[in-house]
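> Sharing a sequence plus its predicted fold:
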Amino acid sequence: MATDWTALLEQVESKFSEAQPDSRRLFHGRGRCYPGLEQVCVDSFFPAILVTFFEEYAGEEALCERLWEMAAAQGYQGIAVQRRYQPGAPITWPCGAPVAAPEARRGELRFPLTFERQNVGFFLDIEPGRHWLEEQVRSHSETENLKLLNLFAFTCAFSVVARAAGELDVLNIDVNRGVLNRGRENHLSNKLPLKGIKFLQLDALRDFNRFDRRGPFQLAVVDPPTRQKGRFDVSENYGKLLQLLPGCLADEAELLMVMNSPRHSEAHFRALIEESDIRYEVVERLPQNPDFPDRDPDAALKMLHVRFRR
C-alpha cells in the first residue's frame, strides 16, 4: 500500500511559500506529529533538497518526484536521498542533478556539507542555541579576554557563529580530528580570522586536565552526543563532566547545556545540572526550533541556559 504523503507535501509547500534563504527543515517526521511519517525528514540546503528515510517506505520514488516538481520551480538543482535503513546510509540523487558542493546557509555564513556521511556536518535543530550564543557574545563586547569553551565541537559551527558575532578566543574540543579539520575549514571559508581559535583533539571528560588551564571561560557550550561508544554516555558521564567544569570557568559564566536524549526529561536534565554543583542556576530552556515540532517536549532536543556564579 502506497504511503500517503499529503501532510508532508503540504508542509513543504507552505515553507517554500515563505521564501526563506537560510537552510532549514522542511518536514520533521521524527517529532511524531504526523502519523505514519515518523521516519522521514526533508531538509533544504539550497540548491539541494535532502530527504532522509530512517526506515523503508512504499512510494519513496513517487515522493521524490512530487518534491522535485515543487523544488524545481523554486530554483533547486537536485534532490538527494539518504536511506539510513540501509548499510552505510547511501546517498542517491534520483531527481535533478547532483549538487557538487552542498552547503548550509545561515545569513552570510556558509558551512560546507558532506552528504556521503550519516551526519552531513551541520545540525539544523540547534539553531536557537546558535542565536543565544550570538547574543551572549554581543552582550559581552566590553569583557576583556572573552573566552568560549566549545565542548564536543563537531564541525565547530558554534565557534564560527561566535567569531562572526564579535572578538573572543574559542577553544574547540572534540575527540575526532576529522571534524575539527572541517571546523577549521568552516572558519576559513567564511573568511574569519583564526587568531585565538584553537582546535584540540581531546576527550572532553578524560582529558579535562589538559585544557582546563586555558580559561577562565566566561562562555561555554556543552553539547555531547547521547552515546559515543566507549567514550561518553549522557546517563553515566554528563554529571561527572559538570562537576569538573567549574574548575575552568570564570567567576561569572553563562553556559549552554544541551541534551539530545529522548529518554531523559527536562526535569531530569535540570536536576542533573543543579545536583552537579550548587553554583549552577538553570535560567531557562531555550525555545525549540519551530521547524522541529515534537509531540513530547521531553523527548525533543533540550537546550538550557545555565548561569554559574562562584
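In hand now; what should we look at?

> pull the longest strand from the protein.
Longest strand in the chain, counting residues (DSSP state E): strand 249-259.

> Rounded mean pLDDT for whichever strand or helix holds S235, please.
Per DSSP states H and E, S235 falls inside helix 234-244. The average pLDDT for helix 234-244 rounds to 91.

> Show me which residues of that helix are buried.
234, 237-238, 241-242 (16 or more other CB atoms under 10 Å). Where C-beta positions appear, they are placed from N, C-alpha and C, glycine not excepted.

> and these as JSON lines, adding distance to A89?
Output for the buried residues of helix 234-244, formatted as JSON lines (distance: CB to CB, whole Å):
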{"residue": "V234", "distance to A89": "23"}
{"residue": "N237", "distance to A89": "26"}
{"residue": "Y238", "distance to A89": "27"}
{"residue": "L241", "distance to A89": "29"}
{"residue": "L242", "distance to A89": "32"}
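
> Which member of those residues is positioned nearest A250?
L242 (16.2 Å; CB to CB).

> quick one: that closest one and E274 touch, right?
No - using CB atoms under 8 Å as the test, L242 is too far from E274 to be in contact (9.6 Å).

> picking up where we left off before, I'd like the distance from the helix holding S235 to the chain centre, please.
Averaging C-alpha positions (CA atoms, centre = their mean, to the nearest Å) puts helix 234-244 20 Å from its chain's average.

> With stretch 117-132 instead?
2 Å.

> I figured K15 hits L26, correct?
Yes - counting by CB under 8 Å, K15 touches L26, with 5.1 Å between them.

> Now do the shared contacts for those two.
Contact criterion CB atoms under 8 Å, 6 or more residues apart in numbering; residues shared by K15 and L26: 44, 291.

> neighbour-wise, which of these two wins?
Each of K15 and L26 has its neighbours counted (other CB atoms under 10 Å); L26 has more, 22 against 17.

> For stretch 264-281, which residues meet the burial criterion?
264-266, 269-270, 272-273, 276, 280.

> can I get those residues in JSON lines with pLDDT, secondary structure and distance to G183?
JSON lines is the format used below for the buried residues of stretch 264-281 (pLDDT from 0 to 100; DSSP: H, G, I helix; E, B strand; the rest coil; distance: CB to CB, whole Å):
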{"residue": "H264", "pLDDT": "93", "secondary structure": "coil", "distance to G183": "27"}
{"residue": "S265", "pLDDT": "96", "secondary structure": "coil", "distance to G183": "31"}
{"residue": "E266", "pLDDT": "97", "secondary structure": "helix", "distance to G183": "29"}
{"residue": "F269", "pLDDT": "96", "secondary structure": "helix", "distance to G183": "26"}
{"residue": "R270", "pLDDT": "97", "secondary structure": "helix", "distance to G183": "30"}
{"residue": "L272", "pLDDT": "95", "secondary structure": "helix", "distance to G183": "27"}
{"residue": "I273", "pLDDT": "97", "secondary structure": "helix", "distance to G183": "26"}
{"residue": "S276", "pLDDT": "96", "secondary structure": "helix", "distance to G183": "27"}
{"residue": "Y280", "pLDDT": "98", "secondary structure": "strand", "distance to G183": "27"}
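
> on that earlier part again, so what sits against both of L242 and E274?
Y280.

> Give me the sheet partners of the longest strand of the chain and which way each runs.
Strand pairing for strand 249-259, determined by DSSP bridges: strand 217-222 (parallel), strand 302-309 (antiparallel).

> Any idea how many residues pack against N172?
Around N172 there are 28 residues (other CB under 10 Å).

> For it, identify the helix or strand it belongs to.
Using DSSP H and E, N172 falls in strand 169-174.
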